[in-house]
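Q: Here is my input, please return the structure:
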Amino acid sequence: MSKYRKKPVEIEATRWHRNGDHPQDNTHKVTPVKGTPFNSEGKVVRYYRHPSVDDHKHCEYCDEQMRDHGWIDTPQGGHTVCPGDWIITELPGQGEGQYYPCKPETFEATYEKVE
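A: Residues are numbered from 1 along each chain as shown. The predicted structure is shown next:
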């Protein structure tokens, strides 16, 4: 049986913890007439919202409340982003301009930093 090694692929990635963490999110402070100021929604990682999921429900992956999560639209329909997930940016020739979340343990097992 032949052995194969995964070809090295360079990616860009950013660790996400809360709204506005991704450098392409371009969030800004919103001051409502009544209420507390808040950051606008990110352009890459949006606020997690689902009509059938209570904001206070705990995530099955990380056990944090769903209100602390983000959402990324992808060609496959989209993915939930847990606090601490890595956001992978596809480079030219690999689906340029697309973003995908990656769990920390998968990221660490798959990628090494390029010096």
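Q: Direction included, what does the worst-scoring helix or strand of the chain on mean pLDDT pair against?
A: Using mean pLDDT, DSSP states H and E, strand 38-39 stands out as the lowest-scoring helix or strand of the chain, at a mean of 88. According to DSSP bridges, strand 38-39 forms sheet pairs with strand 29-30 (antiparallel).
Q: So what touches the strand it pairs with?
A: 37-40 (CB atoms under 8 Å, 6 or more residues apart in numbering). All C-beta spots, glycine's among them, are computed from the backbone N, C-alpha and C.
Q: Next up, the contacts around the closest residue in space to His28 that isn't next to it in sequence.
A: Residue nearest to His28 in three dimensions, not counting chain neighbours: Ser40, with 5.2 Å by CB to CB, 6 or more residues apart in numbering. By CB under 8 Å, 6+ apart, the contact set of Ser40 is 27-30.
Q: ok, back up a step: how far out from the middle of the chain is the least confident helix or strand of the chain?
A: 18 Å (CA atoms, centre = their mean, to the nearest Å).
Q: Give me the residues contacting that strand.
A: Residues from elsewhere that reach strand 38-39, judged by CB under 8 Å, 6+ apart: 19-20, 27-30, 32.
Q: And stretch 71-90, by the same measure?
A: By CB under 8 Å, 6+ apart, the residues outside stretch 71-90 that reach it are 11-18, 22, 44-49, 59, 61-62, 64, 68-70, 95-104, 107.
Q: again, only this time at 7 Å
A: Stretch 71-90 has contacts (CB atoms under 7 Å, 6 or more residues apart in numbering) with 11-18, 22, 44-48, 59, 61-62, 64, 68-70, 96-104, 107.
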